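Undergrad: here's my sequence, what's the structure:
(2 chains)
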Amino acid sequence: ETGVTQTPRHLVMGMTNKKSLKCEQHLGHNAMYWYKQSAKKPLELMFVYNFKEQTENNSVPSRFSPECPNSSHLFLHLHTLQPEDSALYLCASSQESLTGVYEQYFGPGTRLTVT
Amino acid sequence: AQSVTQLDSQVPVFEEAPVELRCNYSSSVSVYLFWYVQYPNQGLQLLLKYLSGSTLVKSINGFEAEFNKSQTSFHLRKPSVHISDTAEYFCAVNNQAGTALIFGKGTTLSVSS
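TA: Prediction:
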């Protein structure tokens, strides 16, 4: 049981589709993250939101568009994806303090397949 | 820049044997170190963390890790593993800005009977 939920758990989409991934955290945290996990590669940090403001965008292609309407919800809007975008997309949250980020809590992930 | 190296991509062991999963880091700032575990089809779960204080940290399920500043290591150990410990293990360090974590490539621990 985690305090971070993600929907859907599985998604298959064509390259011309538009879809969105949703993440919700119930931990009262002030920071949320999107990571991409591909086979045989390290977790790739995509976006960071702190107090609803995007603080990091790690050179992510514009076909990925994040949205953070409040500190509990985070979306990842997808459009015109490529087959190499197939991966597990993980959402995480944490409580950022004055001294930095401590542990992050992860959701179960969305397994995305682009056909 | 911060980085994490997990030296072993796969570690096969027999049940009840001891295991060590190695992690080395590179950092130019104060470090916070973490071990996460990922079971199949699940997200990452925090296993243990080093923030400050005692260099030996322990989890509730028998794992422990020791922060060694001189060797820039944070190896994970367990004296006797169970089948249920089979999973992917990730070592992580805070990034330089302190805004996120940087993860290693992971080590697959396979425990067989």
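Undergrad: CA only for contacts and neighbour counts going forward, please
TA: Fine.
Undergrad: restricting to C-alpha, output whichever helix or strand A:P69 is part of in CSV.
TA: Using DSSP states H and E, the element containing A:P69 is strand A:64-70. Only the C-alpha atoms of strand A:64-70 are listed here, as CSV (Å, rounded to 0.1, in the frame of the first residue of the first chain):
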residue,chain,number,x,y,z
PHE,A,64,5.5,15.0,-23.1
SER,A,65,3.6,17.8,-21.3
PRO,A,66,3.3,17.8,-17.5
GLU,A,67,0.6,19.5,-15.6
CYS,A,68,0.3,20.1,-11.8
PRO,A,69,-3.0,21.7,-10.9
ASN,A,70,-2.3,21.4,-7.1
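Undergrad: and the residue nearest the centre of chain A, bridged to which residues?
TA: Chain A has A:W34 as the residue nearest its centroid, 2.6 Å off, counting by C-alpha atoms, centre = their mean. With DSSP bridges applied, A:W34 shows beta-bridge pairing to A:F47, A:C91.
Undergrad: picking that back up, okay, buried residues for the strand holding A:P69 please.
TA: A:64, A:66-68 (16 or more other C-alpha atoms under 10 Å in any protein chain shown).
Undergrad: could you do stretch B:97-112 as well?
TA: Quick answer for stretch B:97-112 (16+ other C-alpha under 10 Å): B:98-111.
Undergrad: how far does it sit from the chain's center?
TA: 6 Å (C-alpha atoms, centre = their mean, to the nearest Å).
Undergrad: which element, helix or strand, includes the residue nearest to A:H73 when sequence neighbours are not counted?
TA: Nearest non-adjacent residue to A:H73, counting by C-alpha to C-alpha, 6 or more residues apart in numbering or on different chains: A:E24, 4.6 Å away. Using DSSP H and E, A:E24 maps to strand A:18-25.
Undergrad: show residues contacting that strand.
TA: A:3-8, A:13, A:72-80, A:91, A:93, A:107, A:110 (C-alpha atoms under 8 Å, 6 or more residues apart in numbering or on different chains).
Undergrad: what about burial for those, which qualify?
TA: Applying 16+ other C-alpha under 10 Å to the contacts of strand A:18-25 flags A:4-7, A:13, A:72-80, A:91, A:93, A:107, A:110 as buried.
Undergrad: show me what secondary structure element comes after the helix or strand of chain A with the lowest mean pLDDT.
TA: Every helix and strand of chain A was ranked by mean pLDDT, DSSP states H and E. The lowest is strand A:100-101, at a mean of 67. Counting by DSSP H and E, the next helix or strand C-terminal to strand A:100-101 is strand A:105-106.
Undergrad: partners of that following strand, with directions?
TA: strand A:87-94 (antiparallel).
Undergrad: average pLDDT for the strand it pairs with?
TA: Mean pLDDT, strand A:87-94: 95.
Undergrad: show me which residues of chain B sit near chain A.
TA: Residues of chain B that fall close to chain A, judged by C-alpha under 8 Å from any C-alpha of the partner chain: B:32, B:34, B:41-46, B:49, B:51, B:94, B:97-106.
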